[in-house]
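> I would like to see how this sequence folds:
(chains A and B)
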Amino acid sequence: MDLMSNLALGFSVAATPLNLVYCFIGCLLGTLIGVLPGVGPVATIAMLLPATYALPPVAALIMLAGIYYGAQYGGSTTAILVNLPGEASSVVTTIDGYQMARRGRAGPALAAAGLGSFFAGCVGTMILAAFAPPLTELAFKFGPAEYFSLMVLGLIGAVVLASGSLIKAVAMIILGLLMGLIGTDVNSGVARFSFDIPELTDGVGFVVIAMGVFGYGEIISNLSLPEEDREVFTSGVTGLFPTAEDFKNMIPAVLRGTALGSILGVLPGGGALLAAFAAYTVEKKTKLRPGEVPFGQGNIRGVAAPESANNAGAQTSFIPLLTLGIPPNAVMALMVGAMTIHNVQPGPQVMTSNPELFWGLIASMWLGNLMLIILNLPLIGMWIKLLTVPYRFLFPAIILFCAVGVYSTNNNSFDIWMVAVFGFIGYVFVKLGCEPQPLLLGFILGPMMEENLRRALLLSRGDWTVFVTRPLSGSLLFVALILLVIVLLPSVKSKREEAFVEE
Amino acid sequence: MNIKSQKDFFSGLMFLIIGGGFAFGATSYSVGTAARMGPGYFPLLLGVLLAILGAFVLFFSLVVERPDHDPVGSFAWGPILYVLGANISFGILLVGLPSIGLPSSGLFVSIFVLTLIASKAGDKFILYEVLILGAILSLICYLAFILLLKLQMPMWPVYITG
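Below you'll find the predicted structure:
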């Protein structure tokens, strides 16, 4: 069987000592930042991106991927024990998870989150392995018009699911696209918007934006909030194992969460965050069994389902990246950056030209999930201790790692000023209620979109209808339109706003 | 006319100005036609689009009633200065500033300076704790970046080691 031989190749790559070590480092770091509130995978991957320059591409991508799915594991620990989402995708886990901890059932809650994540991670990886090859086939049929429409769909999808104002999110995307255009135009050689600064003719550095906006911008806004009193359940985590009754309740929830998460992860703009929200909503709608604890008061299903969903979503969001070269969310946008640094052009050709990278990455995810369950369940005590470290020790460390990340690759003093400028801009975005994730996606897609638009219209001799008359491209745009219409429907609109405000 | 949402008012204004700026800048490059796009075509299109969206945001911020006026709130200038200042001093010390002839001061000096400045942004500043933190971070950086990842960075001030 083809899949088997491919997976065998993958495991032979992933199981080399070097790659195992980097997979472990990635998972460890992912758990670490997942546990710590206020540091997300986007900032961490941005920080480590330059540091992976010296590594072989496979090892680098394995490590960066580990950070993303590892963060989904770690996030639940903080959500359950401190009532703070360690990771944005664990927001809904706080609702029932913290209630379980208050009722002395922190152990089973952690176990439900861990086991659910593990199961979902394995399923997600399998889906990735099974569906990536046929999708790649499809991708080869894509012309420039299809790619352009796909990117439009991806960007629309990203904003539909963003919280807050839709129109502001669209504006942030366009701002990102524009910033992506700064620098030398590949077709004409004209340096655009470079203000005669030689460093700007290469464009604004991706790391600079990611680090400034996500790293510094968020640290500043965290610091300007007064430190809350956290109630940490550090002691009393005993009896990790859920009871038989718990298992009966959580298994269907895990299955539903995994299915939902796998689907939503593939969608543009989806990924872990949306998956968790949707899974919790579905669980809330299903009927309570007799004698079951209601939701919001410590129902184990309210922990198991979203945690499974976010991990499955984290895994399957690699599908669009690896098959089409289109990042569905901000973390995947960073992975595009990572691949570019290592001279790997993301897209359908990755599987044929770099099969060891492609299958090695997939196999490493399975190994990584195995490592994570060990890291997170038996070693839970270590992570709990970490939660007692005050923020005043953490943020200088975060600032330092950001700074090292910026200067380690190019000894360029220009970047110092750029990161500072973008740090300030990032803080302004937070203050004005503009979400930076769409900006990052736009920034990555900007040059690609322009190139495909240009080619599509060159082929059609300037006829814009080509985007709707070509069936594949037309249907992609149609889906994007439907998404927009759905969100703008008054009933959905109020629900959507409610959902984001409430949580 | 009253501002109903301060956040939206200022973000709308920001999008309007930036979009207009990009669109205006794009006209200085050759725009071309749809079939033969010049370097100015796509930026002009996006700039105009951004300005229009900004105008919408601005308009709604003046029309749609909000209960609390959605204030932007005051800027946390303290954290801004310390966090960005720590970053800038770290960069200057580690890379050096060739324009004024300042050589690199090396990783360890830079780490301590960054930790000292950054810690000022927190609500508690206890000097000996900060120094211990600096030492721990120096050790971690040495292990992670120099030994493990083999990044090329000067460790000690160039003017001491020569």
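
> so the lowest-mean-pLDDT helix or strand in chain B, near chain A or not?
One helix or strand of chain B scores below all others by mean pLDDT, DSSP states H and E: helix B:158-161, with a mean of 71. No. Shown here: helix B:158-161 not in contact with chain A (C-beta under 8 Å from any C-beta of the partner chain), separated by at least 12.4 Å. No exception for glycine: its C-beta is placed from N, CA and C like everyone else's.

> what's stretch A:56-68 in contact with?
A:13-14, A:18-19, A:22-27, A:29-30, A:33, A:41, A:44-45, A:48-49, A:52-53, A:55, A:314, A:318, A:331, A:334-335, A:338-339, A:341-344, A:354, A:356-357, A:360-361, A:364-365, A:368 (C-beta atoms under 8 Å, 6 or more residues apart in numbering or on different chains).

> oops, could you answer that again for stretch A:455-475 instead?
Here stretch A:455-475 makes contact (C-beta under 8 Å, 6+ apart) with A:141-146, A:148-149, A:477, B:33-37.

> only the buried subset of these, as a PyMOL command please.
If you want just the buried ones from the contacts of stretch A:455-475 in PyMOL, going by 16 or more other C-beta atoms under 10 Å in any protein chain shown, the selection is:
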select buried, (chain A and resi 142+144+145+146+148+149+477) or (chain B and resi 34+37)
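
> low-confidence stretches in chain B?
For chain B, the stretches with pLDDT under 70 are B:1, B:149, B:161-162.

> quick check: longest helix of it.
The residue-count maximum for a helix in chain B (DSSP state H) belongs to helix B:41-63.

> how about that helix: buried residues?
Residues of helix B:41-63 classed as buried under the neighbour-count rule (16+ other C-beta under 10 Å) are B:41-51, B:53-58, B:60-61.

> same question for stretch B:132-145.
Neighbour counts over stretch B:132-145 (16+ other C-beta under 10 Å) mark B:133, B:134, B:137, B:138, B:141, B:142, B:144, B:145 as buried.

> quick revisit: can I get the contacts of stretch A:455-475 in a markdown table with secondary structure and distance to residue A:158?
Listed next are the contacts of stretch A:455-475 as a markdown table, based on DSSP: H, G, I helix; E, B strand; the rest coil; distance: C-beta to C-beta, whole Å:
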| residue | secondary structure | distance to residue A:158 |
| --- | --- | --- |
| A:141 | coil | 24 |
| A:142 | coil | 19 |
| A:143 | coil | 23 |
| A:144 | helix | 21 |
| A:145 | helix | 21 |
| A:146 | helix | 18 |
| A:148 | helix | 16 |
| A:149 | helix | 15 |
| A:477 | helix | 16 |
| B:33 | coil | 30 |
| B:34 | coil | 26 |
| B:35 | coil | 30 |
| B:36 | coil | 31 |
| B:37 | strand | 25 |
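
> for the contacts of stretch A:455-475, which one is nearest residue B:2?
Closest to residue B:2 out of the contacts of stretch A:455-475 is residue A:477 (39.2 Å), distances taken as C-beta to C-beta.

> before we move on, the earlier item: restrict the buried residues of helix B:41-63 to contacts with chain A.
Subset of the buried residues of helix B:41-63 in contact with chain A: B:41, B:42, B:43, B:46, B:47, B:49, B:50, B:53, B:54, B:56, B:57, B:60, counting by C-beta under 8 Å from any C-beta.

> is it correct that the fifth one is in contact with residue B:21?
The reference is to residue B:47. Yes. The pair residue B:47 / residue B:21 is scored as a contact, 7.4 Å apart, by C-beta atoms under 8 Å.

> how far away is residue A:430 from chain B?
Applying C-beta to the nearest C-beta, to the nearest Å, the value for residue A:430 to chain B is 10 Å.

> count of residues packed around the nearest residue to residue A:180 once chain neighbours are set aside?
Spatial nearest neighbour of residue A:180, chain neighbours left out: residue A:446 (2.4 Å); criterion: C-beta to C-beta, 6 or more residues apart in numbering or on different chains. Using other C-beta atoms under 10 Å in any protein chain shown, residue A:446 is surrounded by 24 other residues.
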